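Asks: Predicted model and sequence follow; I will ask about them next.
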Amino acid sequence: MNGEGLQHEDGHSQVLATSIPNIRAYDPAFAYETAVIVRDGIKRMLGDGEDIFYYLTLYNENYPQPAMAEGVEEGIVRGIYLFRPGEAGSRRRVTLLGSGSIMRQVLRAQELLHEKYDVSADVYSVTSYQQLRNEALAVERWNRLHPEAEPRLPHITSVLGGHSPIVAASDWLKALPDQVSRWVGSPFVPLGTDGFGRSDTREALRRHFEIDAESVATASLHALALTEEYGAAEVAKALAELGIDPEKPEPRTA
């Protein structure tokens, strides 16, 4: 196995997996998520005999594994669940979506936003943007073919509808979280690893691709500025405080 930077030699396989009709693609962040997904796969493929197969992306980074909260199994399989709600009391709120090992950066961004900028962030773990997109498309099709029936609501809309702004960070191309953007309102800010593959330390790579905790935090503040809940000057100040260089080359072409 290659060393640091392995994940950035492949920012696209989760996106490519969406082109296979009977695949179920997942990007779990924690061991218990992986266990729930594997158990679901065993049941559906071996027990129920469904003509499907699973694609899971795992990482070679060691970090503490939390215990599984009660009642999250369905959300893990369907693609999203609330992992950690934000602190109460703040008048400014954002919603953060994290996947895979970048969930750790999202959780740190949640802390930065609360401690330094009085912004409360609800953190959702997104285990499968593909499953959320497929379900939303199926709901759209059903509504289109049953115009006289009560419209159905996509699962992603029922979970995140009205949550604005939303910042979604992963170790994959921005196109991955962008798959669900039209069902959750705006602003929706996808962060990902668009660009050429390269090898460096995790910290350097995540800063380069702008998916580290500080980048997630400043993207959240800018999203709040788009909804006029935060000032442009305050965002500029936060960029300086968090060491973000606004003149650095765009990662996609650097």
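Replies: Nice, I can see it.

Asks: Flag every buried residue along the helix or strand hosting Ala233.
Replies: Element membership for Ala233 (DSSP states H and E) is helix 232-241. Buried residues in helix 232-241, counted by 16 or more other CB atoms under 10 Å: 235-236, 238-239. Heads up, the C-betas are built off the backbone N, CA and C, glycines and all.

Asks: same thing with stretch 138-148?
Replies: For stretch 138-148, a neighbour-count test (16+ other CB under 10 Å) marks Val139 as buried.

Asks: CA-only coordinates of that stretch in CSV, if you can.
Replies: Provided in CSV are the C-alpha atoms of stretch 138-148 (Å, rounded to 0.1, in the frame of the first residue of the first chain):
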residue,chain,number,x,y,z
ALA,A,138,-36.8,7.6,-7.8
VAL,A,139,-39.1,9.8,-5.7
GLU,A,140,-39.0,12.4,-8.5
ARG,A,141,-39.9,9.8,-11.1
TRP,A,142,-42.8,8.5,-8.9
ASN,A,143,-44.1,12.1,-8.5
ARG,A,144,-43.8,12.7,-12.2
LEU,A,145,-45.8,9.5,-13.1
HIS,A,146,-48.5,10.1,-10.4
PRO,A,147,-49.4,13.8,-10.8
GLU,A,148,-52.7,13.4,-8.9
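
Asks: now it: how far from the chain's centre is it?
Replies: The chain centroid and the centroid of stretch 138-148 are separated by 27 Å under CA atoms, centre = their mean, to the nearest Å.

Asks: Now tell me what touches that stretch from outside.
Replies: 149, 151-155 (CB atoms under 8 Å, 6 or more residues apart in numbering).

Asks: Kindly report the same for stretch 106-125.
Replies: The contact list for stretch 106-125 (CB under 8 Å, 6+ apart) reads 29-30, 33, 76, 80-90, 92-99, 103, 159-160, 163, 169, 213-214, 216-217, 220-221, 224, 230, 234, 238, 241-242.

Asks: now do stretch 18-34
Replies: Looking at what lies outside stretch 18-34 - CB under 8 Å, 6+ apart - the contacts are 14, 17, 37, 41, 51-58, 65-68, 76, 98-104, 125-131, 133, 170-172, 179.

Asks: And Ser220, what's its pLDDT?
Replies: pLDDT, Ser220: 97.
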